[in-house]
Structures are given as C-alpha cells and as structure tokens.
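# can't give you the sequence, but here's the structure:
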C-alpha cells in the first residue's frame, strides 16, 4: 500500500514511534485516528508524495508504536504527550516547521500540537472533528448515543479492555461499520492491518488510556488555552457523518483559531478512505 516509502522507528522522550516516510518536497505530517493506524492515508499518500515529503506515524499506543505505562492521571496519553512525540519525530527527521493534517484522534493531537508549538505548524487541517472541549461541554443525548465509545472507553482500567479483548475483531468491524457511510471504502488489506494492530492487548489498553486522558487531563489543558491558533486552519467533515449534522463545524473552529475555512466531503467519518479524491483535492488546494 505504500510502495517506495521507507519504514523506520524513532525514539522519543516518552516512547518509540513507528512511521513511514516518502515523497519529496516540504514536510507534511499526517496523523491517524481511532481505531486505525497510519494506513488510513494509503489511498491519498501516493499523490500527496508528489508534492510533499510525507511523514506517516502511528500515534503512541496505536499501530506498531510504543505503548508506555500509564498512571492514575493518564498523563502519558494526554494529547500534550502525544503531540510532543510528533515534535520530536519531526526534529529527528530535520524538520523544525511543517504542515499538519489529522483525522479523528490524530486531529485532536494535531490541535494540541498547534496550541503548544504554534511556530512549528505552517498550516493545520482537521478532519471530521469539532474541538474536544466543545464536544464534551455540549454533550446531549444525541452526542452520547452516537459517541457512546467516548464514555465506554473511559471506564476504569480493565472493564472496557476485557469486553473489547474478548472479541476485538467484532468490536473493530462494528466500529468501522458504524462510522463509515461508504461500502467497501476500507479495503481488505487496510482492515487486516487495523485488526493486526488493534487486537494486541497492549494497544487495546493504550487506546482506552487515550480516551481516559481526553476526559480528564486534556480538558485541563484545553481550558488553560490562551489566544487563538494563528496558523491557517482547514476543517473538513463527512457530509453523511455525525459531526457535520450535529455541529456548526466552522463556528466551533473559529472560536479557537483566527483563520478558518472548510467544507463537507462525501461520505461518513473516514474521509481519506471514503472520499479520497475530494479529500485530496481539498488538502492540495489548502496546503
């Protein structure tokens, strides 16, 4: 799926990150979401690689990256820690400044990276999310029903891990099917990679920790934000998905960023797989 890309691992202060690199041109960092890996970019990476040097990591706790021990506050899985990994990865590759695209959880890491390290981010694109703080603070029955996993995965250690771990293939298949709106958009090869990684007990636990951090330490960090993001920001969302139907997506981002643009693309949650042509065109136009 990534012909001509190089696979490597880079040690950060908190863990070790597995990633692929390829292409030529200015650096572009692409961050995936839950419950996937960097493989989500496989349909658009070849074309993006004609314009950019692509860096496609697995977030800590996901894919083939490290799964560091957590603590009572879940701080090792705070978006601040996950963003710091990415800053260190990019520095190790020689990139002090770069363009940044994130989908789902990766977009939340990207938001925190841009907040903590604004001088490093030239442009930011966030795919199919509204800001975490806004989503939690406006929770209603519709959101809780559609995003029940936000509240399931934050339950005490061992409970969601046990239920998911008893049949991770069923859980993964159900999750991907519920969020997507385009049949066969996730290829068998991509699904096999997602399952290979997600079924590992340490990944199941680490990804729960990601959500536990989002409901705790991440909100502390978000509430302490001062000022709006200074870099241009593109927000894309699925025309048939939940985010665009439940929120005024552009308004939620205009509340936290100075220069915001964006629009819907066809399909549901998995934009790079469900609407690769439209997502690619929007990213190339923006970046």
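Thanks, I have the structure now. Given the structure is predicted, the values throughout are model-derived calculations rather than measurements. Numbering: from 1, shown residues only.
# the closest residue to residue 258 other than its chain neighbours and residue 253, how far apart?
Using CB to CB, 6 or more residues apart in numbering and skipping the chain neighbours, the partner closest in space to residue 258 is residue 228 (4.8 Å). C-beta here means a position set from N, CA and C on the backbone, and glycine is covered the same way. Computed as CB to CB, to the nearest Å, the residue 228 to residue 253 distance reads 10 Å.
# equivalent analysis for residue 67, please.
When distance is defined by CB to CB, residue 67 is 31 Å away from residue 253.
# more neighbours, those two?
Using other CB atoms under 10 Å, the more surrounded residue of residue 67 and residue 253 is residue 253, with 26 against 21.
# and residue 65, that's in a helix?
No. Going by DSSP: H, G, I helix; E, B strand; the rest coil, the assignment for residue 65 is coil, not a helix.
# nearest residue to it other than its sequence neighbours?
residue 58 (4.1 Å).
# would you mind measuring from the one you found to residue 13?
For residue 58, the distance to residue 13 (CB to CB) stands at 17 Å.
# more crowded one of the two?
residue 58 (24 against 8).
# now do the phi/psi pair for the more buried one.
The phi/psi pair for residue 58 (degrees, to the nearest 10) reads phi -90, psi 130.
# who touches it in this structure?
Applying CB atoms under 8 Å, 6 or more residues apart in numbering to residue 58 gives the contacts 17-19, 32, 37-38, 64-65, 197.
# flag every buried residue along stretch 68-80.
Buried residues in stretch 68-80, defined by neighbour count with 16 or more other CB atoms under 10 Å: 68, 70, 74-80.
# make a markdown table out of these and add pLDDT and secondary structure.
Formatted as a markdown table, those follow (pLDDT from 0 to 100; DSSP: H, G, I helix; E, B strand; the rest coil):
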| residue | pLDDT | secondary structure |
| --- | --- | --- |
| 68 | 98 | coil |
| 70 | 98 | coil |
| 74 | 98 | coil |
| 75 | 98 | helix |
| 76 | 98 | helix |
| 77 | 98 | helix |
| 78 | 98 | coil |
| 79 | 98 | helix |
| 80 | 98 | helix |
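# need those residues in CSV (columns: distance to residue 109).
Listed next are those as CSV, based on distance: CB to CB, whole Å:
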residue, distance to residue 109
68, 15
70, 16
74, 14
75, 15
76, 14
77, 10
78, 10
79, 5
80, 9
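# quick one, phi/psi of residue 229?
Dihedral pair for residue 229: phi -60, psi 130, per degrees, to the nearest 10.
# before we move on, back to that, for the residue nearest to residue 258, give its distance to residue 16.
Distance, residue 228 to residue 16, by CB to CB: 34 Å.
# again with residue 7
Distance, residue 7 to residue 16, by CB to CB: 13 Å.
# any idea how far stretch 192-207 is from the chain center?
15 Å (CA atoms, centre = their mean, to the nearest Å).
# mind listing what's buried in that stretch?
193-194, 197-199, 203-207.
# tell me the two of these that are most distant?
Comparing every pair within these by CB to CB identifies 193 and 205 as the most remote, at 19.6 Å.
# strands of the stretch 1-150 of the chain, residue ranges please.
Remark: strands assigned in the stretch 1-150 of the chain by DSSP state E, counting those that start in this stretch are 6-11, 16-23, 27-31, 53-57, 98-103, 121-127.
# quick check, residue 252 in a helix?
Yes. Per three-state DSSP, residue 252 lies within a helix segment.
# and the pLDDT for it?
pLDDT for residue 252: 98.
# and for the one 3 residues further on?
Confidence per residue is given as pLDDT, and for residue 255 that number is 98.
# okay, now residue 135: neighbour count?
The number of residues packed near residue 135 is 19, by other CB under 10 Å.
# I misspoke; the intended subject was residue 191.
Neighbourhood size, residue 191 [other CB under 10 Å]: 16.
# now do residue 245
Applying other CB under 10 Å, we find 14 residues neighbouring residue 245.
# what's the closest non-adjacent residue to residue 6?
Leaving aside its sequence neighbours, residue 6 sits nearest to residue 21 (CB to CB, 6+ apart; 5.2 Å).
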